[in-house]
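S.K.: Can you look at this prediction? I've put the sequence above it.
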Amino acid sequence: MLADKIVIIDFGSQYTKLIARKVRECRVYSEVVPCTDDLAYLKNDKSLKGIILSGGPQSVYMKNSNLLADLILDLGLPILGICYGLQLLSHHFKGTVKGGKTREFGKTNIKCSAQTLIFQGVSKKLSVWMSHHDHIKKLPGEFKITSRSENGLISSFESKTKKIYGVQFHPEVNHTQDGIKIIKNFLFKVCKLKNKWKMGSFIDEKVMEIRKLVGGKKAICAMSGGVDSAVAAYLINKAIGKNLICVHIDNGLMRKNESREIVKYFSGKLNLKFIDASGIFLKRLKGVVDPETKRKIIGKTFIDVFQQFAKKQMGKEGRSRIKFLIQGTLYPDVIESSSFHGPSETIKTHHNVGGLPKSLHMKLIEPFRELFKDEVRVIGKILKVPEEILGRHPFPGPGLAVRILGDITKEKLDILREADYIYRESLHKHKLYNKIWQAFCVLLPVSTVGVMGDIRTYERVIALRAVGSVDGMTANWFHMPATVLEDISTGITNNVKGVNRVVYDISNKPPSTIEWE
Ligand code: XMP
């Protein structure tokens, strides 16, 4: 029997998948569907128990905006409208939505003014996350206002009889106080769902789906050795066994000893091949300074090397046998690399979110496109991926290339590799590694004056970065004890030739990003 579920209709918000994730955290199965799809099929879906309308960048009163189809309301199911979703509901029932002088962005206080199921057990005064220009000027008669913001704007409403609820703020964002309680109230008190769904069910569903898709053909998995591609490889291995060929490409931009360790961890467990392509990557990156150009070159070179390998493999196995490419792309990679629907501007083009050359005739399988890193770690644990791999900090596809500001040389890579190694070893020694979401060194494109053994030096600067995060979408700088910082700084300046200064990055994301490039 299919699990009861919630459908999230996506109107283009950068937070849509975050809603899906929060619903999964409540152990309820959810699906995201674009608002532009023909959703008539929903009326035959017996497992559907409620609808969430996401936020979005449009204005309900503009021509060509995506509006709410009657068929959604005809389902008679409970509805929760979030941000643009709330405005859509109000507009649909002939309320007035307007753009105004008062915009609300970021932390905003609201005051609950009436009893409502979705605010049960929630404080009367809440600090919530807002992100809107438009607001409800006049609410349709059948709805009751349940809270207002400190600016006097309507921040939520309900119609108990229609089982329709709207919130102007984003309960799915961690910054909203009691946000998860509000979502739970909608799921369990309004939709009367049961919290039965598990991550294990995700694995079973994906295994079945991939087995059916791949059939008797073969798939190739590019394994960087990071958490995402390792867990993806284990998942696909569970689905198709020896029909999965894994390949690890050393692009010369890896950390110290990394490729050697990856081969050691996975040999015997997976069908793994190793390619040393460092020469070609470094040759193509020579003299390149711009971060986006670096990413593009690395992405393209990766495809070229991979294509060569795949062709050779096809020569051995027969062209028609190898049909699929597996990648461990995560949701934040997708959202920050695309401007799908407009609102989520391209921030960095994460290189594993590119297309494949048509000549390869391979289809891309990305089993984790909807998931966040911590969810992938849970899956990895269930699949028994080695702890040493699961506990690793995220490492970007372009590797150390985006941690050397300016052009890349073998000499700079070696300096960074050594500093980074000392940094990570110190974090392990001080038992901090597992408390930090991501930590790494950055080699800055400046030299500074120092003094060593009475001699003036003019050498490079290493910046240390360490952040706490849940999903990489937002991050806070890690409050590292000063004694540990001192230990790391001394370790680096004493042991890494060419570095005479170490600095610590105290920026959050936003406004900074986690990586420096
Ligand atoms: P930013 O720097 O965008 O990083 O705040 C968020 C997370 O993504 C990783 N990152 C990348 N991963 N290719 C990747 O596969 C990339 O080009 C890339 N850029 C950043 C970053 O390490 C952090 O975990």
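M.R.: Great, that's in hand.
S.K.: next structured bit after the helix or strand containing residue 181?
M.R.: Assigned by DSSP states H and E, residue 181 belongs to helix 179-184. Sequence-wise, the next helix or strand downstream of helix 179-184 (DSSP H and E) is helix 199-214.
S.K.: quick one: contacts of the next helix or strand along the chain from that following helix?
M.R.: Helices and strands here follow DSSP H and E; after helix 199-214, the next one along the chain is strand 218-222. The contact list for strand 218-222 (C-beta atoms under 8 Å, 6 or more residues apart in numbering) reads 229, 232-233, 236, 240, 243-249, 302, 306, 309-310, 313, 317, 321-327, 362, 365. The way it works is simple: take the backbone N, C-alpha and C, and place the C-beta from them, glycine included.
S.K.: Out of those residues, name the ones that lie in strands.
M.R.: The strands, defined by DSSP state E, take in 244-249, 322-326, 365 from the contacts of strand 218-222.
S.K.: which one of those sits closest to the ligand?
M.R.: Closest to the ligand out of the ones in strands among the contacts of strand 218-222 is residue 249 (13.8 Å), distances taken as C-beta to the nearest ligand atom.
S.K.: residues in contact with that closest one?
M.R.: 222, 275, 277, 302, 305-306, 309.
S.K.: Now do the same for it: its pLDDT.
M.R.: Residue 249 carries a pLDDT value of 95.
S.K.: same check, this time on residue 462
M.R.: Looking at residue 462, its pLDDT stands at 98.
S.K.: Check which helix or strand it maps to.
M.R.: Residue-wise, residue 462 maps onto strand 455-469 under DSSP H and E.
S.K.: Just give me how far that strand sits from the chain centre.
M.R.: The gap between where strand 455-469 is centred and where its chain is centred comes out at 28 Å by C-alpha atoms, centre = their mean, to the nearest Å.
S.K.: can you check stretch 96-107 too?
M.R.: 28 Å.
S.K.: Could I get the full set of strands for the stretch 351-500 of the chain?
M.R.: For the stretch 351-500 of the chain, strands defined by DSSP state E, counting those that start in this stretch occupy the ranges 363-365, 438-452, 455-469, 475-477, 499-504.
S.K.: can you list those strands in CSV and add distance to the ligand and mean neighbour count?
M.R.: As requested, those are exported to CSV (distance: least, C-beta to the nearest ligand atom, whole Å; neighbours: other C-beta atoms under 10 Å):
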stretch, distance to the ligand, mean neighbour count
strand 363-365, 15, 17
strand 438-452, 5, 17
strand 455-469, 8, 18
strand 475-477, 7, 17
strand 499-504, 17, 19
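S.K.: Relative to residue 61, tell me which of these wins on proximity.
M.R.: Taking C-beta to C-beta, strand 475-477 is the member of those nearest to residue 61, at 36.3 Å.
S.K.: centre of the chain versus the closest one, how much separation?
M.R.: Computed by C-alpha atoms, centre = their mean, the chain-centroid distance of strand 475-477 equals 15 Å.
S.K.: Low-confidence stretches in the stretch 401-517 of the chain?
M.R.: The model of the stretch 401-517 of the chain has no residue with pLDDT under 70.
S.K.: one step back: export the ones in strands among the contacts of strand 218-222 to JSON lines and tack on distance to residue 394?
M.R.: Output for the ones in strands among the contacts of strand 218-222, formatted as JSON lines (distance: C-beta to C-beta, whole Å):
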{"residue": "244", "distance to residue 394": "23"}
{"residue": "245", "distance to residue 394": "25"}
{"residue": "246", "distance to residue 394": "20"}
{"residue": "247", "distance to residue 394": "21"}
{"residue": "248", "distance to residue 394": "17"}
{"residue": "249", "distance to residue 394": "18"}
{"residue": "322", "distance to residue 394": "29"}
{"residue": "323", "distance to residue 394": "29"}
{"residue": "324", "distance to residue 394": "25"}
{"residue": "325", "distance to residue 394": "21"}
{"residue": "326", "distance to residue 394": "18"}
{"residue": "365", "distance to residue 394": "21"}
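S.K.: quick one: which of these is most hemmed in?
M.R.: residue 326 (28 neighbours; other C-beta atoms under 10 Å).
S.K.: just checking, that one touches residue 230?
M.R.: No: taking contacts as C-beta atoms under 8 Å, residue 326 lies outside contact range of residue 230: 11.3 Å.
S.K.: Next one, pLDDT for the nearest residue in space to residue 381 that is not next to it in sequence please.
M.R.: Of all residues not flanking residue 381 in the chain, residue 390 sits nearest, at 6.5 Å (C-beta to C-beta, 6 or more residues apart in numbering). Residue 390 is assigned 93 on the pLDDT scale.
S.K.: and if you look at residue 297?
M.R.: On pLDDT, residue 297 comes in at 96.
S.K.: So that it lines up with my notes, have the first residue be 656 from now on.
M.R.: Okay, residue one is now 656; in that scheme the one you just asked about reads as residue 952.
S.K.: Doesn't it lie inside a helix?
M.R.: Yes: looking at residue 952 with DSSP: H, G, I helix; E, B strand; the rest coil, it is inside a helix.
S.K.: Show me what counts as buried in stretch 925-940.
M.R.: By neighbour count on 16 or more other C-beta atoms under 10 Å, the buried set for stretch 925-940 is 925-929, 932-933, 936-937, 940.
S.K.: Below-threshold pLDDT in this structure: ranges please.
M.R.: Judged by pLDDT under 70, the stretches of the chain that qualify are 656-657, 989-1015.
S.K.: quick one: which two of the contacts of residue 904 are the most distant?
M.R.: 877 and 932 (11.6 Å).
S.K.: List the contacts of the spatially closest residue to residue 1093 that is not a sequence neighbour.
M.R.: Spatial nearest neighbour of residue 1093, excluding adjacent residues (C-beta to C-beta, 6+ apart): residue 1048 at 4.5 Å. By C-beta under 8 Å, 6+ apart, the contact set of residue 1048 is 1088, 1091-1095.
S.K.: Of the residues you listed, just say which sits nearest to residue 845.
M.R.: Taking C-beta to C-beta as the measure, residue 845 sits nearest to residue 1092 out of the contacts of residue 1048, at 33.8 Å.
S.K.: wait, what's in contact with the closest residue to the closest one other than its chain neighbours?
M.R.: Nearest residue to residue 1092, sequence neighbours excluded (C-beta to C-beta, 6+ apart): residue 1124, at 4.2 Å. Residue 1124 makes contacts with 1092-1093, 1130-1131, 1164, 1169, as judged by C-beta under 8 Å, 6+ apart.
S.K.: go with 10 Å
M.R.: Residue 1124 makes contact with 987, 1028-1029, 1049, 1091-1093, 1130-1131, 1133, 1163-1164, 1169, according to C-beta atoms under 10 Å, 6 or more residues apart in numbering.
S.K.: Relative to residue 1132, how far out is it?
M.R.: Residue 1124 sits 10 Å away from residue 1132, taking C-beta to C-beta, to the nearest Å as the criterion.
S.K.: What segments of the chain are helices?
M.R.: 671-680, 725-729, 739-747, 834-839, 854-869, 882-895, 913-921, 933-940, 946-972, 986-992, 1028-1037, 1042-1045, 1065-1084, 1137-1150 (DSSP state H).
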